[in-house]
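# Let's see this in three dimensions:
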Amino acid sequence: MLDDKRLDPRVRKAMSGMPAGDPAALLPQVTLSSSYEECLQWVAAMEELQNVQNSAMLAAMPDFSDVITEKKSITGPEGHVIDLYIEKPKGADGTLPCVVHIHGGGMAFTTTQAAGATRWRKTLVRQGLTVVAVEFRNSGGELGNHPFPAGLDDCATAVQWVNKNRSVLNISSLVLAGESGGGNLAIAAAVKANIEGWVDAIDGVYAMAPMLLGFYTSVPSELLSWRENEGYQGTREVMRAMTRVYDPNNEHENNPMAWPFHASLEVLQGLPPHIIINYEMDLIRDDGAVFARNLQAAGVAAISRTVTGAPHVAEIAMPDLMPELVDDTIGSIVGFAEKLARS
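Got it, this is the predicted structure:
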């Protein structure tokens with residue numbers, strides 16, 4: 001990626017200055033035919049690597065003493081506990097738009113308490129939002145191995161709880177937002193709600209680099225980014241590993257609740273407005289762009305933007321390196337949530 005002229009020079013400079021050696025080289029090698037157990041080992045190692053990087057991000061964390069956090073535990077569909085972290089501006093008065101945030105990690109690893117996700121939520125709160133973070137069951141990693149649809153069911157339960165408690169939470173709108181794997185779950189929760197008949201609970205969806213397509217054997221030829229950006233921040237082998245962990249028995253390749261890319265126009269009709277952000281240097285850049293076209297064809301209010309020169313979810317991965325991008329995306333989310341406020 002560092003040799004690609006499209007890359008933002010600030011990213012190139014920062015990555016060129018990193019210590020010698022590729023951290024990803026420490027991960028177990030996976031192939032397109034790796035077993036479920038081998039893929040779980042890769043996820044565990046990836047989470048461990050993320051935890052190491054977490055320390056540096058925590059050290060750079062701004063002071064968020066103006067944000068208050070309340071932990072709320074609700075009961076999941078299988079009788080288990082789902083932790084929600086409800087964050088508001090200190091001294092907030094009156095109703096606020098609400099974002100239900102679903103963290104990234106390929107639906108497979110990391111948690112709401114990761115530094116990147118925490119900083120992102122609190123930055124949103126500072127701009128006048130209530131943010132509810134969902135600690136959903138990952139398909140792998142330290143929270144245990146819970147394949148599809150466990151994580152999605154948790155997110156759906158959380159959305160329904162927030163919707164039923166709008167007056168208690170004092171919120172004016174409910175926007176589902178997530179990045180990467182969290183973008184999948186945000187969109188998939190809306191698809192699930194549409195199929196099950198409770199989509200009116202959701203006012204909008206905001207997805208950043210959503211992981212909408214599972215990799216089984218091939219990708220549609222229209223997804224040029226899978227060829228342009230192969231190996232930059234991900235490979236088909238890595239995408240196969242995360243897909244395998246999410247769907248161990250290859251039962252859900254075309255299930256729109258697992259992989260919304262495959263949703264038919266009939267399934268998409270009636271969904272709330274969507275905004276999808278894609279990144280030029282990202283392997284899955286075109287997944288979101290094509291999906292936005294499908295939404296539009298189904299009559300859904302949807303727009304898609306691609307950030308020039310940016311790698312995967314740069315706002316959260318490197319917030320101090322591209323501050324104007326952070327400001328633009330934060331402003332977009334806040335404006336979107338405010339616009340959708342119910343009277």
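# what comes up buried for stretch 335-343?
By 16 or more other C-beta atoms under 10 Å, the buried positions in stretch 335-343 come out as 336, 337, 338, 340. Every C-beta, even on glycine, is put in place using the N, C-alpha and C of the backbone.
# which non-adjacent residue is nearest the third one?
To tie it back to what came earlier, the one meant is residue 338. Leaving aside its sequence neighbours, residue 338 sits nearest to residue 97 (C-beta to C-beta, 6 or more residues apart in numbering; 5.3 Å).
# Please name the residues that touch the one you found.
Shown in contact with residue 97 (C-beta atoms under 8 Å, 6 or more residues apart in numbering): 128, 129, 130, 171, 172, 173, 175, 334, 337, 338, 340, 341.
# what secondary structure does it sit in?
At residue 97 the chain is in strand, as set by DSSP: H, G, I helix; E, B strand; the rest coil.
# Quick check: it vs residue 166, distance?
11 Å (C-beta to C-beta, to the nearest Å).
# same deal with residue 299?
Distance of residue 299 to residue 166, computed by C-beta to C-beta: 26 Å.
# Show me what the helix of greatest length in the chain is packed up against.
Scanning the chain for the helix with the most residues, using DSSP state H, yields helix 36-59. Judged by 3 or more C-beta pairs under 8 Å, 6 or more residues apart in numbering; DSSP states H and E, helix 36-59 is in contact with helix 115-126, helix 236-246.
# mind listing what's buried in that helix?
Buried residues in helix 36-59, defined by neighbour count with 16+ other C-beta under 10 Å: 36, 38-47, 50, 54, 57.
# same thing with stretch 179-187?
Neighbour counts using 16+ other C-beta under 10 Å place 179, 180, 181, 182, 183, 184, 185, 186, 187 of stretch 179-187 among the buried residues.
# in this protein, which segments are predicted with low confidence?
Within the chain, the segments meeting pLDDT under 70 span 18-25.
# For it, just list every one of the helices.
9-16, 36-59, 115-126, 150-164, 166-169, 181-196, 225-228, 236-246, 265-268, 285-297, 314-317, 323-339.
# which outside residues touch the second one?
This means helix 36-59. Contacts for helix 36-59 (C-beta under 8 Å, 6+ apart): 23-24, 26-28, 30, 34, 105-106, 108-110, 114-116, 119, 139-142, 145, 238, 240-242, 244-245, 248.
# got the CA positions of that helix in PDB?
This file holds the C-alpha atoms of helix 36-59, laid out as PDB (Å, rounded to 0.1, in the frame of the first residue of the first chain):
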ATOM      1  CA  TYR A  36     -12.600 -23.700  11.700                       C
ATOM      2  CA  GLU A  37     -10.200 -24.300  14.600                       C
ATOM      3  CA  GLU A  38      -7.300 -22.600  12.600                       C
ATOM      4  CA  CYS A  39      -9.500 -19.700  11.800                       C
ATOM      5  CA  LEU A  40     -10.400 -19.300  15.500                       C
ATOM      6  CA  GLN A  41      -6.700 -19.300  16.300                       C
ATOM      7  CA  TRP A  42      -6.100 -16.500  13.800                       C
ATOM      8  CA  VAL A  43      -9.000 -14.500  15.400                       C
ATOM      9  CA  ALA A  44      -7.500 -15.000  18.900                       C
ATOM     10  CA  ALA A  45      -4.100 -13.800  17.700                       C
ATOM     11  CA  MET A  46      -5.600 -10.800  15.900                       C
ATOM     12  CA  GLU A  47      -7.400  -9.800  19.100                       C
ATOM     13  CA  GLU A  48      -4.200 -10.100  21.000                       C
ATOM     14  CA  LEU A  49      -2.400  -7.900  18.500                       C
ATOM     15  CA  GLN A  50      -5.300  -5.300  18.800                       C
ATOM     16  CA  ASN A  51      -4.900  -5.400  22.500                       C
ATOM     17  CA  VAL A  52      -1.200  -4.500  22.300                       C
ATOM     18  CA  GLN A  53      -2.000  -1.600  20.000                       C
ATOM     19  CA  ASN A  54      -4.800  -0.600  22.400                       C
ATOM     20  CA  SER A  55      -2.200   0.600  24.900                       C
ATOM     21  CA  ALA A  56      -0.800   3.300  22.600                       C
ATOM     22  CA  MET A  57      -4.300   4.500  21.700                       C
ATOM     23  CA  LEU A  58      -5.300   4.800  25.300                       C
ATOM     24  CA  ALA A  59      -2.200   6.900  26.000                       C
END
